[in-house]
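S.K.: could you look at this predicted model? Sequence included:
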Amino acid sequence: MAVPKITIKKGREKPIRNRHPWIFSGAVSTATNAVDGRLVTVVDHKDRFLARGYWNSKSQIQVRILSWEDDAIDDAWWRRMLSRAWQSRAQYQAGAGLPDNHACRIVNAENDYMPGLVLDRYGDCFVLQAQTLFIDRHKDKIANILHAQFDAKHVFERSDIDLRRQEGLDQTVGSLVGGPPPDSLILNEGALYHVDIVRGHKTGFYLDQRRNRQKLHDLVQSSPSASGSPPSLLNLFSYSGGFAIAAQRDSNLRAVNVDSSRAALELAEKNFALNEYDKRSSGLSAEHIQADGFDYLRYCVGEGARFDYVVLDPPKFAGHKRQVARAARGYKDLNLNAFRLVKEGGYMMTFSCSGAISRDLFQKIVFAALTDSGRQAQIVEQLSAAPDHPVALTFPEGEYLKGLLLRVY
Ligand code: SAH
């Protein structure tokens with residue numbers, strides 16, 4: 001059966017030739033016989049082939065491109081693409097001295113040229129997120145390939161994301177292969193972490209922050225508190241305590257985890273106990289405080305509190321360009337108060353995971369916050385998501401997580 005054709009308006013084909021994976025409705029001239037959630041061939045106004053992708057008239061992004069070659073998108077294509085993504089992670093894991101069954105992101109959607117598909121792996125347990133109608137229609141096939149080709153024992157779906165509404169889809173969670181995943185899955189990253197695949201955030205864990213947690217650990221190791229007393233960490237938007245758990249390994253650091261979600265803090269408490277930090281006599285401790293991050297920062301400023309380390313890892317404030325101004329105000333408020341709390345010579349790790357806020361803009365917002373705080377700060381390092389979350393160079397929107405490690409005076 002012939003694949004329906006999408007004709008692009010004259011003059012609108014350049015981003016497609018430059019291999020950007022999204023085609024917005026405004027660039028489409030005609031869409032003869034295109035069916036939502038099915039393949040289309042994209043041609044220019046002279047009927048020359050541009051790309052093959054999939055269509056959804058309900059979404060603002062009407063076409064997501066799967067290939068810029070005249071490829072058949074069949075089972076062999078899926079096996080090839082999944083193998084390629086898999087191989088790149090295996091190479092990276094081996095290079096980093098990690099076991100090849102370690103947790104990692106196997107497919108990072110558009111950035112791995114499989115738009116709409118996110119795939120994370122925790123040992124032989126795989127978690128699939130179908131962000132679009134086309135991927136939703138192919139998820140069983142993908143799960144079966146994972147089972148047959150990559151020894152996946154369980155493939156569990158966590159498609160409980162808002163994005164699906166724009167595709168005309170409901171949220172869905174459930175097993176695709178092998179029944180429900182084990183209740184308690186423990187990830188060993190030096191420190192141990194509970195991963196709750198069924199109920200946790202995202203696919204159970206914020207895999208993207210793993211390398212930054214390790215950096216914080218290394219920093220704490222290399223810079224003992226000047227005063228001789230145990231160093232302190234304010235871990236705002238802590239989720240399951242990831243940054244604190246990493247930082248407390250091999251250290252007597254005291255941590256305060258703050259999150260608005262009770263369930264997240266319960267997981268953080270479980271992680272603290274899992275590492276037997278509670279059994280150590282070094283004075284090491286963790287507080288778990290359920291509060292709004294903005295309010296808690298203001299409260300700390302009012303109390304005149306000071307910390308050696310402050311981590312700010314808020315949720316996404318801007319998913320869309322329209323929300324950028326409001327998000328910028330939010331980031332500025334958080335960073336301003338956070339600067340006020342860092343001890344002289346202490347460190348701050350500040351993040352934005354808003355796709356619509358560029359690295360450049362984020363740095364400007366943090367700069368404005370710094371100026372208002374009257375402090376000084378140096379960029380020690382630019383931070384991003386771990387290397388198993390690569391960003392396609394043709395797709396700047398893929399760089400959602402950006403951060404700064406700052407030394408504050
Ligand atoms: N730093 C974490 C990930 C943070 S994700 C890690 O390393 O795993 C963002 C977190 O912010 C979520 O756990 C969410 O529950 C929390 N959150 C969202 N809005 C909040 C608010 N207004 N105040 C405090 N926490 C909030």
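M.R.: Happy to help now that I have it. Numbers count the residues shown, from 1 in each chain.

S.K.: give the contact list for residue 102.
M.R.: 93, 123 (Cβ atoms under 8 Å, 6 or more residues apart in numbering). Where you see a C-beta, it was placed from the backbone N, CA and C, and this is true even at glycine.

S.K.: that one - that's part of a strand, no?
M.R.: No - counting by DSSP: H, G, I helix; E, B strand; the rest coil, residue 102 is not found in a strand; it is coil.

S.K.: how near is it to residue 396?
M.R.: To residue 396, residue 102 is 29 Å away according to Cβ to Cβ, to the nearest Å.

S.K.: same thing with residue 190?
M.R.: 33 Å.

S.K.: same question for residue 76.
M.R.: 31 Å.

S.K.: do residue 383 as well
M.R.: Taken as Cβ to Cβ, the span from residue 383 to residue 396 is 17 Å.

S.K.: residue numbers of the stretch 251-400 of the chain in contact with the ligand?
M.R.: 259, 260, 261, 264, 292, 293, 313, 314, 315 (Cβ under 6 Å from any ligand atom).

S.K.: hmm, residue 352 and the last one touching each other?
M.R.: No - with contacts defined as Cβ atoms under 8 Å, residue 315 does not count as touching residue 352, sitting 10.2 Å away.

S.K.: contacts only, for residue 246.
M.R.: Applying Cβ under 8 Å, 6+ apart to residue 246 gives the contacts 189, 190, 191, 213, 214, 216, 217.

S.K.: so what's the last one closest to, chain neighbours aside?
M.R.: Leaving aside its sequence neighbours, residue 217 sits nearest to residue 246 (Cβ to Cβ, 6 or more residues apart in numbering; 4.5 Å).

S.K.: quick one: list the elements packing against the lowest-mean-pLDDT helix or strand in the chain.
M.R.: Least confident helix or strand, the chain: strand 185-189 with a mean of 89, by mean pLDDT, DSSP states H and E. If you count contacts as 3 or more Cβ pairs under 8 Å, 6 or more residues apart in numbering; DSSP states H and E, strand 185-189 packs onto strand 191-195, helix 210-222.

S.K.: what comes up buried for that strand?
M.R.: Under the neighbour-count criterion of 16 or more other Cβ atoms under 10 Å, strand 185-189 has 185, 187, 189 buried.

S.K.: before we move on, what about stretch 262-278?
M.R.: For stretch 262-278, by 16+ other Cβ under 10 Å, it's 264, 265, 267, 268, 269, 270, 271, 272, 274, 275, 277.

S.K.: any residues touching it, and which ones?
M.R.: Counting by Cβ under 8 Å, 6+ apart, 186, 191-194, 196, 199-201, 238-241, 244-245, 248-249, 257, 259, 284, 286, 288-290 sit against stretch 262-278.

S.K.: ok, of those, which come out buried?
M.R.: Going by neighbour count (16+ other Cβ under 10 Å), the contacts of stretch 262-278 have 191, 193-194, 196, 200-201, 238-241, 244-245, 248-249, 257, 259, 284, 286, 288 buried.

S.K.: quick check: mean pLDDT of the strand or helix carrying residue 296?
M.R.: Element membership of residue 296 [criterion: DSSP states H and E] is helix 293-303. Taken as a whole, helix 293-303 has a mean pLDDT of 98.

S.K.: check stretch 136-155 too.
M.R.: 96.

S.K.: what's the nearest residue to residue 69 if we skip its chain neighbours?
M.R.: residue 52 (7.8 Å).

S.K.: now that neighbour: how far from residue 17?
M.R.: Residue 52 is 14 Å from residue 17, by Cβ to Cβ.

S.K.: show me the strands in the stretch 251-400 of the chain, by range?
M.R.: 254-259, 285-290, 307-312, 342-352, 377-384 (DSSP state E, counting those that start in this stretch).
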